[in-house]
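Asks: kindly return the folded structure for what I paste below:
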Amino acid sequence: MLRKNEQTGERETVEWMAVERTSVATGTDLQDARPSSGQWGDIVVSFSLKATAVDRFARFTRENINRLMPVVLDEKIFTAPVIRSEIPGQGQIEGTFTREEADDLALALRSGALPARVHTIEERTVGPSLGRDSILSGVRAIAIGFVFVLAFMIIYYRLSGINAIVALVMNLVIVAAAMATLPDATLTLPGIAGFILTVGMAVDANVLIFERIREEIRAGKTIRGALDGGFSKALSAIIDANITTLIAAIFLFNYGTGPVRGFAVTLSIGILASMFTAIFVSRVLFDLALGDRAAENLSI
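Replies: Numbering: from 1, shown residues only. The predicted model follows:
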């Protein structure tokens, strides 16, 4: 049976097991296999069978409760779970899986449904120096983009641009803190792309608010009236834009794999953080700047 080597990350044969040559179910009988959450919140692999195999598999599992059922791929036992009860057509493989191990097992199950065996023709390894250079290039892109955004907001919106910059910095801090608390979270290129897109989304919300405030001032309202009108009128546009992007990120997370899911997580956290900083933090900063006095003008 295969076990993952913690040092090399490769699967190695550590046990031998006698199995029957005839399989109760083959890869072609499998409908789908995906990682999911178990009854107690643990990670399991859920699978479903095609209608042609449901009765056969149910009878087999009913007659072999508390016995091992090996999962064989390319003549190697990938795992051997214990049959706990009859499985009529949909079941779960339980174990002390990490997310990566559950993904590997689900992929192995789905791979068994392929009509042809996969042979390795060429294999390439990317060295750690190349990966490090890519990460540094991504971080450098965030820094350069942040500087350009900072310059634009100050030039175009004057002192109010500082408000947007403070909100943007807080946005990035929130995203970084949220990513740091997530288990198994690592900084990858898709994650960096999510950071960069978050910067654009956060500034976009501030631009909508500031332009609304300008319109209210041109309409002859007082500064406080313009702030109230600007934030309230821009709110619906900000929510619509962010919610539609958040829906796309949710779909990417549900149907994507690996780096795509990392991008979706970073983007989702960034969207929620940008809505908070643009709507709440920016308004608090304006109120603190104006204080209790009746302001006659606003640098915007």
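Asks: now do the contacts for L267.
Replies: Contacts for L267 (C-beta atoms under 8 Å, 6 or more residues apart in numbering) come out as 194, 197-198, 245, 249, 252. (Each C-beta comes from the backbone N, C-alpha and C, glycine too.)
Asks: tell me which residue is most central in the chain.
Replies: In the chain, the centroid-proximal residue (C-alpha atoms, centre = their mean) is V265; its distance is 2.5 Å.
Asks: low-confidence bits of this protein, can you list those?
Replies: 1-15, 17, 74, 111-131, 184-187, 293-295 (pLDDT under 70).
Asks: and A226, how far from E216?
Replies: 4 Å (C-beta to C-beta, to the nearest Å).
Asks: between the contacts of L267, which is nearest D32?
Replies: Closest approach to D32 among the contacts of L267 (C-beta to C-beta): L252, at 19.0 Å.
Asks: tell me which other helices or strands the helix or strand where the closest one lies touches.
Replies: L252 is located in helix 223-255, with elements delineated by DSSP states H and E. Applying 3 or more C-beta pairs under 8 Å, 6 or more residues apart in numbering; DSSP states H and E, we find helix 223-255 packed against helix 189-218, helix 259-276, helix 282-290.
Asks: which of the contacts of L267 are buried?
Replies: 194, 197-198, 245, 249, 252 (16 or more other C-beta atoms under 10 Å).
Asks: any chance of these in a markdown table, plus distance to D204?
Replies: Conversion of the buried ones among the contacts of L267 to a markdown table gives the following (distance: C-beta to C-beta, whole Å):
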| residue | distance to D204 |
| --- | --- |
| G194 | 15 |
| L197 | 10 |
| T198 | 10 |
| T245 | 10 |
| A249 | 16 |
| L252 | 20 |
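Asks: how about these, which pair is most distant?
Replies: The widest separation within the buried ones among the contacts of L267 (C-beta to C-beta) is 14.6 Å, between T198 and L252.
Asks: picking up where we left off before, just put the helices and strands packed on helix 223-255 in JSON lines and tack on distance to A234.
Replies: Below are those laid out as JSON lines (distance: least, C-beta to C-beta, whole Å):
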{"stretch": "helix 189-218", "distance to A234": "4"}
{"stretch": "helix 259-276", "distance to A234": "12"}
{"stretch": "helix 282-290", "distance to A234": "10"}
